[in-house]
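A.B. asks: okay, structure incoming, though there's no sequence with it:
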């Protein structure tokens, strides 16, 4: 049996779960893989009472000639990036669940791995325990992948799920997510879509072999979604989900994170609680979905351990990992359908005024639904046909100035 | 770029789809894998006008020194088994979507592959295009897998879905499945659960590294499921699905294929139309689900091509593939909850009589729901607590002889 020594840098929730299951599942891992995994050393800045040799110097791990695989479980970019590069340059395989550092520095990190003929693997960076990076790279290697829709942030899925299933308002659903430990005390990275944007960039890079600057990912969070939107969407057969979208259309990549109205019979629509799911379309495979727990020590450890095994078995060819720079379509050029909630004065001629603005800006209306009136104002839901986003924005900008519209409530993209 | 010559034996729907996408996706496969795949020769007993050299002798393929990977796309066991063994003995990797031959002869075929230091890969044999075998073997290699529930037969899922969504009776749903080409003119292998039983045996073998005789798979089809059962199940929050179940309980394997009442909020419950999905539970990963098209030329070709790539890259260690003989629990010893539909005379004392029989046989009743009466008989739905199957069977056998029960309608296992 081949002995594989592992070093873990950063011994929080994830690092310690990796340690736990390297030990607990030692026998099953050996039977499955022929590898004898052993955690040799842990690096953490804190004084910890643990059953493994502890160091405060990451160099003690990356300079240990016996250690073959280094797990970076610090998070963030500083000092994670420096440490990953140093480990790769010491010819250690590096496994990381760190979506931020991978999304922001993928090209540089992969180049360092290739130069040193070692692996940089990051299965755990998207979808937690869900096998997605490896299946895309290997099981779907014969496919032309055209589309990825991901529910890749458990916190926002939990909030939207509670808003839908229990008619909670956003603030109370967020509070509950925080109480359950799903959302951070500062929830910005989740609810404003940064976390999902990192993951979108990683998925697009892997699926399209393209360098995607994460800042090129158009991003909208869920803070503007109201209980009314959820209910109106339900009335017309849709659910609201925060999607990470990466798709190839005419040789360009659409890559964006935003709330979306998804048909209630879509495979992603029933993804409940804080689960994640990634929907992938390829030719010839057709639609696929991968579903599971997107966060938490156990699921993340599962993905990290599978990467440790993969790197130790050096199963992947170390291929030229140069990523072509992605041609990302500007959000203004993206075509799509829209749900628009307006508050308008409850009087004759309003709809004609609105219709005129849309027509002037080449926005074709598919349906108008009149909702509650409070005497003074009435809520209108407008569903558009497929339109170019900049036209829609122009129409909304014009409308803001008009007396026929009191308030533009929500504008949510529709997935047809 | 590494040239890989492929031979295909059997050029029906699947074989020709593999040929089509080896060609159509040549560039993307090269970019993804560094492999230059080329279909060198096709074997089929028929005279075919095709763009590839055609032979009627499979030996022309397996004796071709240039061909590295042989795709067996004949189906069935005769002559597929003989041809697979011959190809392996000629030191060709073999890729097959043939669930029957893999389920019936896995141990012998894997031993021949190991002896010859080549691969036998069968991703396409379960779940069509869904990556499941490779993720279990690799992405989940660090997990202790405890449970697999699979919707692995698209035909029966289509029938049950139509019975549920459109209140069709079994016979018309089957007819529609046949019209759509989902069901064979002779639908027995699907509707009586043979196809699912082969797949259950394969999944269990891979997940538990155990030799599972497919005949040890307890099997019930869906022919007894009525529209009433579907509706009564819905009333209590369940959907009826044909499940392939493989789980480890106390060191024994429960392996069975039967219709099951699944809670409507289970991840598998919303799997619609002819889709397949496989739900896997492991520690530490938790619950996962893999969803997609379980049949058809394109999806099957996707899985076959990924296996061609995997074998050509010889990524897997050829490990000792001796499978331990599985300890399969006899269905009589399995514990579970049941839904039982009875027709009973519409008179006093009936329920007391029934309850007495159940109590005598140690079957604890969780709920009794009285449904329609036709004046003479009334329908009762009985839900049991978790009971040992043989006790339930004994109770039903006794009941059949009693005047308090006119007819035992359906007996369907419940997934809690």
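C.D. replies: It's in. Predicted, not measured: the structure shown is a model, and the values here were computed from it.
A.B. asks: beyond the least confident helix or strand in chain A by mean pLDDT, next helix or strand please.
C.D. replies: Using mean pLDDT, DSSP states H and E, the weakest-scoring helix or strand in chain A turns out to be strand A:324-325, at a mean of 85. Downstream of strand A:324-325, the next assigned helix or strand under DSSP states H and E is strand A:335-345.
A.B. asks: what lies in contact with that next one?
C.D. replies: A:228-229, A:232-233, A:238, A:261, A:350-351, A:354, A:366, A:376-389, A:392, A:396, A:399, A:403-414, A:416 (C-beta atoms under 8 Å, 6 or more residues apart in numbering or on different chains). Just so you know, the C-beta spots here come from the backbone N, C-alpha and C atoms, and that holds for glycine as well.
A.B. asks: please name the strands paired to that strand in the sheet, noting orientation.
C.D. replies: strand A:377-384 (antiparallel), strand A:387-388 (antiparallel), strand A:407-414 (antiparallel) (DSSP bridges).
A.B. asks: got a markdown table for these, with mean pLDDT and mean neighbour count too?
C.D. replies: Listed next are those as a markdown table, based on pLDDT from 0 to 100; neighbours: other C-beta atoms under 10 Å in any protein chain shown:
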| stretch | mean pLDDT | mean neighbour count |
| --- | --- | --- |
| strand A:377-384 | 96 | 19 |
| strand A:387-388 | 97 | 18 |
| strand A:407-414 | 96 | 18 |
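A.B. asks: and the pLDDT at residue A:416?
C.D. replies: pLDDT for residue A:416: 78.
A.B. asks: and what about it, helix, strand or coil?
C.D. replies: Counting by DSSP: H, G, I helix; E, B strand; the rest coil, the backbone at residue A:416 sits in coil.
A.B. asks: number of residues surrounding residue A:75?
C.D. replies: Residue A:75 has 15 neighbouring residues, counting by other C-beta atoms under 10 Å in any protein chain shown.
A.B. asks: so the most far-flung residue of chain A relative to its centre, which of the three states?
C.D. replies: The centre of chain A is farthest from one residue, residue A:348, which by C-alpha atoms, centre = their mean lies 44.8 Å away. Following three-state DSSP, we place residue A:348 in the coil state.
A.B. asks: return the distance of it relative to residue A:365.
C.D. replies: Using C-beta to C-beta, to the nearest Å, residue A:348 is found at 19 Å from residue A:365.
A.B. asks: who touches stretch A:64-82?
C.D. replies: A:4-12, A:14-15, A:18, A:40-41, A:58, A:61-62, A:83-84, A:87, A:92-98, A:100-101, A:104-105, A:109, A:304, A:308, A:311-312.
A.B. asks: for chain B, tell me which of the residues you listed show up nearby.
C.D. replies: residue A:308 (C-beta under 8 Å from any C-beta of the partner chain).
A.B. asks: give the ChimeraX command for selecting the buried subset of the contacts of stretch A:64-82.
C.D. replies: Selection of the buried residues among the contacts of stretch A:64-82 in ChimeraX, burial being defined by 16 or more other C-beta atoms under 10 Å in any protein chain shown:
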select /A:4,5,6,7,8,9,10,11,14,15,18,40,41,58,61,62,83,84,87,92,93,94,95,96,97,98,100,101,104,105,109,304,308,311,312
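A.B. asks: okay, helices next: where are they in chain A?
C.D. replies: A:13-24, A:26-33, A:58-62, A:80-89, A:99-115, A:133-134, A:154-165, A:170-179, A:188-191, A:194-208, A:227-235, A:297-312, A:350-360, A:389-400 (DSSP state H).
A.B. asks: show me what from the stretch 51-200 of chain A comes close to chain B.
C.D. replies: Proximity of the stretch 51-200 of chain A to chain B (C-beta under 8 Å from any C-beta) is limited to residues A:123, A:129-131, A:134-135, A:137-144.
A.B. asks: switch the cut-off to 10 Å
C.D. replies: A:123, A:127-145, A:165 (C-beta under 10 Å from any C-beta of the partner chain).
A.B. asks: now, these that are in strands?
C.D. replies: Of those, the ones assigned to strands by DSSP state E are A:144, A:145.
A.B. asks: ok, of the residues of the stretch 51-200 of chain A next to chain B, which come out buried?
C.D. replies: By 16+ other C-beta under 10 Å, those give A:123, A:127-145 as buried.
A.B. asks: quick check: the residue nearest to residue A:373 when sequence neighbours are not counted vs residue B:344, distance?
C.D. replies: In this structure, residue A:373 finds its nearest non-sequential neighbour in residue A:346, 5.0 Å apart by C-beta to C-beta, 6 or more residues apart in numbering or on different chains. Residue A:346 sits 60 Å away from residue B:344, taking C-beta to C-beta as the criterion.
A.B. asks: who has more neighbours, the two?
C.D. replies: Comparing residue A:346 with residue B:344 by other C-beta under 10 Å, the one with more neighbours is residue B:344, at 23 against 15.
A.B. asks: contacts only, for the closest residue to the more buried one other than its chain neighbours.
C.D. replies: Leaving aside its chain neighbours, residue B:344 sits nearest to residue B:350 (4.8 Å; criterion: C-beta to C-beta, 6+ apart). For residue B:350, the residues meeting the contact criterion (C-beta atoms under 10 Å, 6 or more residues apart in numbering or on different chains) are B:342, B:344, B:378, B:380, B:402, B:403, B:404, B:405, B:406.
A.B. asks: which of these sits closest to chain A?
C.D. replies: Relative to chain A, the closest of the contacts of residue B:350 is residue B:380; by C-beta to the nearest C-beta it sits at 31.7 Å.
A.B. asks: my guess is the closest one meets residue B:353, correct?
C.D. replies: No: using C-beta atoms under 10 Å, residue B:380 is not in contact with residue B:353, being 11.6 Å away.
A.B. asks: what's the overlap in contacts for these two?
C.D. replies: Common neighbours of residue B:380 and residue B:353 (C-beta under 10 Å, 6+ apart) are B:344, B:405.
A.B. asks: check contacts around residue A:44.
C.D. replies: Counting by C-beta under 10 Å, 6+ apart, residue A:44 makes contact with A:8-12, A:15-16, A:50, A:54-56, A:58, A:73-74.
A.B. asks: can I get these in CSV including pLDDT and distance to residue B:324?
C.D. replies: Shown next, in CSV, are the contacts of residue A:44 (pLDDT from 0 to 100; distance: C-beta to C-beta, whole Å):
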residue, pLDDT, distance to residue B:324
A:8, 98, 32
A:9, 98, 38
A:10, 98, 38
A:11, 98, 36
A:12, 97, 38
A:15, 98, 34
A:16, 98, 32
A:50, 97, 35
A:54, 98, 39
A:55, 98, 41
A:56, 98, 45
A:58, 98, 42
A:73, 98, 35
A:74, 97, 41
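A.B. asks: for residue A:196, give me its contacts.
C.D. replies: With contact set as C-beta under 10 Å, 6+ apart, residue A:196 has these partners: A:99, A:126, A:150-153, A:155-157, A:189-190, A:217, A:219, A:221-222, A:242-245, A:256-258.
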